[in-house]
Structures are given as structure tokens and as C-alpha cells.
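Peer 1: need coordinates for the following:
(chains A and B)
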Amino acid sequence: MKDVELKMLERAKALLESGEVARVIGWKKGDFCYDPSPASFETVEELNGFVYDWFCGANLSKYLIEMSKKEGKTAVFLKPCDTYSFNQLVKEHRIKRENVHVIAVECLAKLDIEKIKAKGVSMVTGVEVIGKEVKVTTAYGEETLKKPEVILTKCETCQKTHQVKDEEIILHDRPERDVDRFAEVAKLEAMTADERFAFWREQLSKCIRCNACRNVCPACSCVKCVFDNPASGIAAKANDDKFEEQLFHIIRAFHVAGRCTDCGECSRVCPQNIPLHLLNRKFIKDIDGLYGEYQAGETADGKTPLTSYAEADAEPNDVMKGEAK
Amino acid sequence: MFKIAKERLNELYAKINGQMGLFIPVKKAGEVNYEVWREGKEVSLETLKTVKSPKNMFFPQTENMMKFKTEGKNLEIIDVRGEKRPFVLFGVKACDYKAIEVLDKVFLADPVDTYYQSRRNATTIVTLACSKPEESCFCSVFGIDATAPQGDVTTWLDGENLYWQANTEKGETLTALVKDLFAEGGEAEVEAQQTATKTIIDSLPFANLDLSKFKPENLNELFNAAEWQEMSEACLGCGTCTFVCPTCQCFDIRDFKTNEGVIRYRCWDSCMYSDFTLMAHGNSRTTQMQRFRQRFMHKLVYYPSQNDGLYSCVGCGRCVNKCPQRLNIVKVIKTLGGKDND
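Peer 2: Down below sits the predicted model:
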């Protein structure tokens, strides 16, 4: 990973020095080895804090809504999954494509510090990934963990590839993976309605209504969310179990249906670790089944299943009865 | 000092619960938060940090304040404050206990917040000393001793036993109710644990944060610091830091129309939200930088300037662990706090 970081740094420097771009969006070092933050760098000096490591899981696409409106071009490092969000935002006219220089960077999955800590490992001072093993250095010694057990949930089923790039920095091949991203959804579908309700009630009752899922979501790009807008008549900050359990997250999932690229940021940021991505993935699975396979964000143009009409479209009545073809 | 074997703790919980309410860290769907104890729930005293702090026991995230009923031109105001049943808040860590002191200064100062007060008075707080602090902890920076929290009762937990010491009259009353489950002793074990834990605390990465710059006389300089822009750049404007914080105390008051009248309720608000300072004339804070700055200036400068230098951060480290984009108060302290942070 260090070799990739060096290459990225080299390109960031060159782009800033030549004046081709006014800023570079990437990640900067935190206090630990596992807490980088998204950041923009406008000078070569600022790049001192630049980092690209196993914990750079954040999706940078949404920042481009604001950044692409600024004076001068913005270069951005996008991982494979991030490029889908980028395309989708371009498609929705939220990002000015001509103002962005996309540098595709490799990703061999990102690590989840919470999962590492849950293995009983604390005071982490460094990590090294060797194949399918993660060597964790701590103040108390060394631990070896299995990589698939400590990667971000969103990375567990990722088979995404870069959908957009102006240039790329890819130094290592990603191993082929054979995973079924709908396996968890199928498990929920196999439950009885009561079991499923109990599952979601237990999960969603943990919600503290911090809105992190909404604010990080690249598909949630409304300038002002109805729930924040006093003029909407339905503004709500109250954390009320019935609302979170039965409405808020479902409303949000409906709102992003057909546009959600399955980037998994909602579940990554949830302080209560609610598997919110499963709601979105259920919609994706249903859309695939009813309208044919569709991946939001694969392109920045073209028709989308929920916003276009075709004669062969499933009839709502048939869908309700479970008889749609 | 008393002690009770770890495997008998369920008996202790049941005994307390028989006489008053019991709130305790409980694991649900993988996460640990304070909840009402019931037989069969998975208590997790070992969890260092509950996701939410125990502040919602006194200051619930959402709470009804009063109801209105209208009949013709008459408006009836219905008081919904009832007597609060006595309850025990069990397992409070030193940082979270200190946070209650911070909240008391706000809610119990004149004019007293009676909603908060009635719950606060009804509570007996049983604290639990830390034995495995982790790298995001920095309570010692605020003068807190994680190995000797105060409260009505202080407890310590090791591999074998829970050790129990009453500190106040309320604590003695609770002890009298459960005393027949206890044996005497534990002083040596507690002391050994405290010594071992203190060694860890001293070596924590944030143990020596320098707060010296955060003084009322530096208010303008800090407020105008150029660094806020960069520090807040990645902020999502979500409420995670505020809602997991044990000292954040802001709330919003709204009315909710029902078929039977109007309910006036309050709910936690976050200075990170875009409509937080929305007033009739408009909004005084229009950028995320201003909102971000407000949160940290409040904790490190405004609150202490009104409360004899007491900071309204207790170093629990929840924001360090939970901010989606890894922004937090430690980064602010390191950037603006003083030269010894370099």
C-alpha cells in the first residue's frame, strides 16, 4: 500500500505544481494509524499530511458536489466503489464533471478498526497486510488476524471496478472473488413477516437519529432534507422509536431506490452499527428481478428502471400479488 | 468494603430491581447501551464505552413536557410531570459521572429544569472503575481518576468479584437493601487493580494533551483562528458526536398535533445541524465551519468561562471512536490547545 500512496503523492504534487488542478481531494493522517479523515490539499506543503492506507474507507464522491463548484479544477482519488457514486451524482447534475480530474486508485478492501477492536485487540499502533492476514502491532505486542474478518462490511461483498477515470494508479491486481452480495437479503426474505419485523425492530430501535447515514449518503444529495426544513411541515429531530423503526429508514431507502449504488457508507458510519445497507440492497435485488439487472452509477447517462417506462415493465398489481414477471 | 462473586451479579440485579428501577449497560443487536434491566437481558459491565452515554437517563433524547387541550376559547394546560420512581443507574464510568456534574450545572442552576431534577433526585448512581482504558480515553487530562469514580456507590470489577463501597447516604440505603448478598473485603484487590490501571492511564497516547490555551481571555483569538476552516472541512454535519457525547445538552422544543390536543415535547438538538440557530430573522450560523467551531468553543472556552474553569469535555473519547470522518475534540485540542501538543 505504501507504494500506491507514494505514487498518489507524486501525482498530487505534479498536478498542484503545474497548476492543472487547484486542489486535490484525498485523505490526511489522523492521530492513530487507523483514523484518516477526508481532506482537500491546495498546496504542495499541505500534502505533508497526505495518506492512503488500509483505513481510507470513506467515499470522497459527495464532497465533489461542493468542490466542483469552486474556482479551478479539483482532482480526486476514487476507489472502485466510489466511482459509481461519482457517476450517479454526475447523472443527477450534482457534480460538474468538467471541473473534476478523476484519479482511479486501487483498493484491496479497507479495514474496520471496530472489528479489529472487537477481536480484543486494543492500543493498535500499526497494521501490515500480507495476503489474507493482517498483522496488528499494539502497545502490548503483535496479533495476527484474518483479513476477511476485519474488513469493512461494505468491502465484504464488493466486486466493483472503476467506472470512470481520467488516469489510474493501480499497482496490484485484485484477486477474483466469488461472493453473493444478496445472500444476507435472501436470509431476510426467508424469514416470516413477524421474524423480519422483529429483526428490524431490534436493529432500528438502536437508532439515535444522528443522521450520519443520510448525511454521508451520496444519493441523499437534496440541498435541504425535508426533515431539516421547518417549512416542510414534517421537520423532525425527535428520536421516536416508532418513527425510526417503521418509517424514517424505510422512507430514506425508498427515496434512494434505483439511485443507490450500494456503496455501503450508511452502514460504515452508523454509530450503532445498524445494517442499513440491507434495506437498500433489498431494493436493488427487487429492481434486478422486476426490470432486469441494473447497477446504479455504472454510467453517467442512460435510462434508469424507476424513471423510465417500457411496455414490458412489471405491473404494480402483479408485483403486489407476487406474480410479476 | 464489600464484595460479591461475579457469577452472582444477576442475583444483585434482581434484588435491586425488586425494589426500584435498574438501568444498566445491556447488549442489544451487538451494541451496548443503558437500558432497563430485565431477567434474561445480556448485561455487559465489561464494555468500556456504551454507545450512548447514560445522560439520557436524566435528559431523555425525546421527552413530553406538557399537553394542551382546547375547547372553544379555553386552553387547558396539562402537566405531564409525574412522581419519578426511584431507580439505580449502575455501571457509570468516571468520565460519564463527571459529565453528570457538567449537566447539573446547566439543568439544576436557576431556573431549575424540573424534568431533569425529578429524575436526578430519584436516582442512586453506582459507578464502576475502569480497568482496561483504551487509546481513545483521555479523562486524566480533565483531572478525572478513572480508577476511583465517585457516585453514591463506587464499584470495581475484576475476574472474580465486584467490589462495592458506599459513599453517600443514598449509597448506604441501597447497600442496606442488598447487603445480605455481600461478603466483607476486597481492599487489597481493589488497590492492586488501581495501581495496574494507573500505569496504563499514564501511558495512553492522549494522556498529556495541553489545554493551556483554552482560557476565557483567549476567546477572540481562538474564535478567529484560521485553522477552523481546515479542521471542519470534512464534517458531514451529522449529529453523531453530539448524540454520543455525555455532556452535550442542547435541545429543541416543538409542538405535535394529535387528535386529542397538542403535545409539547423537547428532543436533543445538535449544533452541527443546519437549522440549529434558525430564528425569525434568519440563521446566524450559515456554514458548517461556524457550527463545528461552536461545538468545540462551547466545550473548551464558553462553558468553562461560566463555570469556574470546568471544561465540558470529560475525555470519554466517544467522538474519537464514532465520528464517521474521524474529526474530534482531540484534533481540535492538538491544533489550538497549546504548544505542548506539538
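
Peer 1: the longest strand in chain B is where?
Peer 2: strand B:62-71 (DSSP state E).

Peer 1: elements contacting that one?
Peer 2: Contacts defined by 3 or more Cβ pairs under 8 Å, 6 or more residues apart in numbering or on different chains; DSSP states H and E place strand B:62-71 against strand B:74-79, strand B:261-268. For every residue, glycine as well, the C-beta is placed using N, CA and C.

Peer 1: got the contact list for that strand?
Peer 2: A:238-240, B:75-80, B:115, B:253, B:255, B:260-268 (Cβ atoms under 8 Å, 6 or more residues apart in numbering or on different chains).

Peer 1: hang on, the earlier thing: which stretch among the helices and strands packed on strand B:62-71 comes nearest chain A?
Peer 2: For the helices and strands packed on strand B:62-71, the distance to chain A is smallest for strand B:261-268, at 3.9 Å, taking Cβ to the nearest Cβ.

Peer 1: and the closest one with chain A, contact?
Peer 2: Yes: using Cβ under 8 Å from any Cβ of the partner chain, strand B:261-268 reaches chain A at B:265, B:267-268.

Peer 1: partners of the longest strand of chain B in the sheet?
Peer 2: strand B:74-79 (antiparallel), strand B:261-268 (antiparallel) (DSSP bridges).

Peer 1: most tightly surrounded among the ones you listed?
Peer 2: Stretch with highest mean neighbour count among the strands paired with strand B:62-71: strand B:261-268 (a mean of 18; mean count of other Cβ atoms under 10 Å in any protein chain shown).

Peer 1: what residues does the stretch 201-325 of chain A put near chain B?
Peer 2: Going by Cβ under 8 Å from any Cβ, the residues of the stretch 201-325 of chain A near chain B are A:202-203, A:205-206, A:208-212, A:214-216, A:224, A:228-230, A:235, A:237-240, A:268-269, A:271-274.

Peer 1: just the buried ones from these?
Peer 2: A:203, A:205-206, A:208-212, A:214-216, A:228-229, A:235, A:237-240, A:268-269, A:271-274 (16 or more other Cβ atoms under 10 Å in any protein chain shown).

Peer 1: take those and keep only those in helices.
Peer 2: Counting by DSSP state H, those place A:203, A:212, A:214-216, A:268-269 in helices.

Peer 1: among those residues, which pair sits farthest apart?
Peer 2: For those, the farthest-apart pair by Cβ to Cβ is A:Q203 and A:N215; their separation is 19.7 Å.

Peer 1: okay, B:N259: pLDDT?
Peer 2: What the model reports as pLDDT for B:N259 is 83.

Peer 1: likewise for the one 4 residues further on?
Peer 2: Note on B:I263: pLDDT of 92.

Peer 1: contacting residues around it?
Peer 2: By Cβ under 8 Å, 6+ apart, the neighbours of B:I263 are B:64, B:66-67, B:255-256.

Peer 1: phi and psi next, for the residue lying closest to B:Q249 once chain neighbours are set aside.
Peer 2: Leaving aside its chain neighbours, B:Q249 sits nearest to B:V106 (5.3 Å; criterion: Cβ to Cβ, 6 or more residues apart in numbering or on different chains). Here is the backbone geometry of B:V106 (degrees, to the nearest 10): phi -90, psi -50.

Peer 1: burial of B:V106, as a residue count?
Peer 2: By other Cβ atoms under 10 Å in any protein chain shown, the residues close to B:V106 number 17.

Peer 1: now swap in A:D318 and tell me
Peer 2: A:D318: 12 neighbours (other Cβ under 10 Å).

Peer 1: mind checking the SS state of it?
Peer 2: helix (DSSP: H, G, I helix; E, B strand; the rest coil).

Peer 1: okay, now the domains of chain A?
Peer 2: Per automatic domain parsing, the structural domains of chain A span A:2-110+A:159-169, A:113-150, A:183-321.

Peer 1: and the spatially closest residue to B:K52 that is not a sequence neighbour, what pLDDT?
Peer 2: The shortest distance from B:K52 to any non-neighbouring residue, by Cβ to Cβ, 6+ apart, is to B:N33 (5.1 Å). B:N33 is assigned a predicted lDDT (pLDDT) of 97.

Peer 1: again, but for A:K187
Peer 2: pLDDT, A:K187: 97.

Peer 1: can you tell me which residues contact residue 113?
Peer 2: Reading this off chain A. By Cβ under 8 Å, 6+ apart, the contact set of A:I113 is A:34-35, A:55, A:124.

Peer 1: meant chain B, my bad for not saying
Peer 2: Applying Cβ under 8 Å, 6+ apart, the residues near B:D113 are B:106-107.

Peer 1: measure it to chain A for me?
Peer 2: From B:D113 over to chain A the distance is 18 Å, taken as Cβ to the nearest Cβ, to the nearest Å.

Peer 1: tell me how many other residues crowd the residue of chain B found nearest chain A.
Peer 2: Per Cβ to the nearest Cβ, B:P324 is where chain B lies closest to chain A, at 3.5 Å. Counted with other Cβ under 10 Å, the neighbours of B:P324 add up to 25.
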